[in-house]
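A.B. asks: Fold the following for me, if possible:
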Amino acid sequence: KKKKKKVRTEEDSAALKEELENAEASASASATGSGLPWDGSDRDYTYEELLDRVFGILRKFNPELTGEKRRTVMKPPQVLREGTKKTVFVNFMELCKAMH
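C.D. replies: Next up, the predicted model:
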């Protein structure tokens, strides 16, 4: 099913514009009081600095999203012969549990 788009009224767009102006005004007014490292600075940051900052915040709040995965070591399957033609995995359930 497709979702219907919200129709913005003039009141909504006026309120949104007012909020945006207030946010910009408060951001410029509090440029020296927040204590952030980039506060009050107008220099250009390098890509590496920005990338380190983003990944630092990501590791701090969502460590599972950083792309660092725990490496699971799986045992090799134990294969035995059953009869003359068939082969079977002896530890099949252990392998399934390790993958799940």
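A.B. asks: Can you list the low-confidence ranges for the protein?
C.D. replies: Applying pLDDT under 70 to the chain picks out residues 1-11, 23-39, 66-70.
A.B. asks: can you map out the strands along it?
C.D. replies: Assigned by DSSP state E, the chain shows strands spanning 79-82, 86-89.
A.B. asks: want to throw those strands into JSON lines with distance to residue 55 and mean neighbour count?
C.D. replies: Using the backbone N, CA and C atoms, a C-beta is placed for each residue, glycine as well. Putting these into JSON lines (distance: least, CB to CB, whole Å; neighbours: other CB atoms under 10 Å) gives the following:
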{"stretch": "strand 79-82", "distance to residue 55": "43", "mean neighbour count": "9"}
{"stretch": "strand 86-89", "distance to residue 55": "40", "mean neighbour count": "10"}
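A.B. asks: To residue 59, which of those lies closest?
C.D. replies: strand 86-89 (38.5 Å; CB to CB).
A.B. asks: Just the residues contacting the closest one, thanks.
C.D. replies: Contact partners of strand 86-89, identified using CB atoms under 8 Å, 6 or more residues apart in numbering, comprise 77, 78, 79, 80, 81, 82, 95.
A.B. asks: again, only using 10 Å
C.D. replies: With CB atoms under 10 Å, 6 or more residues apart in numbering as the test, strand 86-89 has contacts from 77, 78, 79, 80, 81, 82, 95, 96.
A.B. asks: again with stretch 92-100
C.D. replies: Here stretch 92-100 has contacts from 72, 73, 74, 75, 76, 77, 78, 89, 91, using CB under 10 Å, 6+ apart.
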